[in-house]
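Trainee: just coords:
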């Protein structure tokens, strides 16, 4: 057990002893439950603060879903800009079409 686990366990034990004492439990039962609560709190604190279970920092292969989406979006935008620039110069000129003649006459002309 580490020092932090012991200090955390003692703090939990004090809180449990005070809590059961205020509630009016028997002093022997209060001490017993305080020790059990302190031990459980110390073990939980030691487990919570373990350093060997931490994940390694994320590298480029293991990105979060948001970071992957941002990366894909920026790549898509770059490709789109590149394609738009290239297609601007390769696009054939527009042909002017004659407007289709309508079977209906314009209002006011007969």
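Mentor: Yep, that arrived. Computed from a predicted model, the values in this text were never measured in an experiment. Residues are numbered from 1 along each chain as shown.

Trainee: And for stretch 20-28, what's in contact with it?
Mentor: Contacts to stretch 20-28, defined as C-beta atoms under 8 Å, 6 or more residues apart in numbering, come from residues 29-30, 33-34. From N, CA and C alone the C-beta is placed, and that goes for glycine too.

Trainee: what is the rounded mean pLDDT of it?
Mentor: If you average the pLDDT over stretch 20-28, you get 93.

Trainee: Start and end of that stretch, how far apart?
Mentor: Start and end residues of stretch 20-28 are separated by 11 Å (C-alpha to C-alpha, to the nearest Å).

Trainee: so can I have TSV of the contacts of stretch 20-28 showing neighbour count and distance to residue 77?
Mentor: What follows is the contacts of stretch 20-28, written out as TSV (neighbours: other C-beta atoms under 10 Å; distance: C-beta to C-beta, whole Å):
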residue	neighbour count	distance to residue 77
29	10	68
30	19	66
33	17	62
34	21	61
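
Trainee: ok, now which ones touch the nearest residue to residue 9 once chain neighbours are set aside?
Mentor: Distance criterion C-beta to C-beta, 6 or more residues apart in numbering; nearest residue to residue 9, sequence neighbours excluded, is residue 42 at 2.4 Å. Contact analysis of residue 42 by C-beta under 8 Å, 6+ apart lists 1, 5-6, 8-10, 12.
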